[in-house]
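Student: structure, please.
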Amino acid sequence: MYKNIDIGNKGNKAIKANKKARIPIIDALRGLSIILMVAYHTGYDLVLFKLAPKAALYNPLLAFLQPFFAGVFIVLAGVSARYASNNHARGARVLACALIVSIVTGFIGVPVSFGILHCLGFCMVLCGDPATWVDKIPRKAQPLLFCGLFIACYLFIPVRGDIFSTVPYLYAFGFVGPTFTSADYFPLLPWLFLYLLGTWVGSYIKAGRFPRWFYNFRIPVLPVIGRHTLLIYMLHQPVVYLAVSLLAHILR
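Tutor: Okay, the predicted model is just below:
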């Protein structure tokens, strides 16, 4: 199992000595991200069942915050790739969960064709161990390359996506046709490049290059939540949906 680490007077060598170290602040950020994701999905269901106005969910503030915190979650997944022993197996598990989400949401009529779990699973499988190939790119060039590609895809694909819209199954890369629907949609382009950016950040974290406070920071509850994000993600979807649908039935 992973162990929490305390640098103390041993300096950053403690980080380098423990390659499986678990960083509490990373788990805390992951925990905060999943809480916000659950809150957003709860709001989505409330609007779906007309228990809340659309303006509560579809407004400029949430239009910014929703992809921002999802992006943070994806970056953190990239950071974690530096600590995982087998990213291919990890990705396969996430994809299996994504398949379950697609089946269940399709059955209830709110399909998630390629959501954040699909995106993360494919990122893990495709990228594998970052040390085997990402590290071959000059480290100083990585953030510029990954950020540049993310911005280019983010801006280019929505405008030019119609060029490939008639080709089936390209929705995984951001090219969607007129009949495509997905309640949660995070295509590999551009989000793959945020995952890769996370692997770059993770290389510095794992090497002990961040300030001491980063490794010694403690906060209650959130790290515990952050260590079980996949389980929480899988369980909250049916629980929230059933709770909101029951509330809607009672109020009507």
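Student: quick one: contacts of stretch 106-125?
Tutor: Applying CB atoms under 8 Å, 6 or more residues apart in numbering, the contact partners of stretch 106-125 are 37, 48, 70, 73-74, 77-78, 81, 84, 87-88, 90-95, 97-98, 101-102, 105, 171-172, 180-188, 191-192, 195, 233, 241. To be clear about C-beta, it is placed using only N, CA and C from the backbone, and glycine gets the same treatment.
Student: meant to ask about stretch 134-151, not that
Tutor: So stretch 134-151 is contacted by 127, 190-191, 193-194, 196-197, 199-200, 203 (CB under 8 Å, 6+ apart).
Student: rerun that using 6 Å as the cut-off
Tutor: Residues from elsewhere that reach stretch 134-151 (CB atoms under 6 Å, 6 or more residues apart in numbering): 190, 193-194, 196-197, 199-200.
Student: same question, stretch 219-236
Tutor: 24, 27-28, 30-32, 34, 38, 97.
Student: how about that stretch, which residues are buried there?
Tutor: 222-223, 225-227, 229, 232-234, 236 (16 or more other CB atoms under 10 Å).
Student: quick one: end-to-end distance for it.
Tutor: Chord length of stretch 219-236, first to last residue, is 23 Å (CA to CA, to the nearest Å).
Student: swap in stretch 46-62?
Tutor: Taking CA to CA as the criterion, the two ends of stretch 46-62 lie 15 Å apart.
Student: so for residue 167, what's the pLDDT?
Tutor: With respect to pLDDT, residue 167 has a value of 72.
Student: assumed it was part of a strand.
Tutor: No. Under DSSP: H, G, I helix; E, B strand; the rest coil, residue 167 sits outside any strand and is assigned coil.
Student: what about residue 176, which SS state?
Tutor: Quick answer, by three-state DSSP: residue 176 is coil.
Student: how many neighbours does it have?
Tutor: Using other CB atoms under 10 Å, the number of residues around residue 176 comes to 22.
Student: mind checking which of the contacts of stretch 106-125 land in helices?
Tutor: 37, 48, 70, 73-74, 77-78, 87-88, 90-95, 97-98, 101-102, 105, 188, 191-192, 195, 233, 241 (DSSP state H).
Student: drop anything exposed from those residues.
Tutor: With burial judged by 16+ other CB under 10 Å, the buried subset of the ones in helices among the contacts of stretch 106-125 is 37, 48, 70, 73-74, 77-78, 87, 90-91, 94-95, 97-98, 101-102, 105, 188, 191-192, 195, 233, 241.
Student: okay, now the unreliable bits of the stretch 51-200 of the chain?
Tutor: Counting by pLDDT under 70, the stretch 51-200 of the chain contains low-confidence ranges at 159-165.
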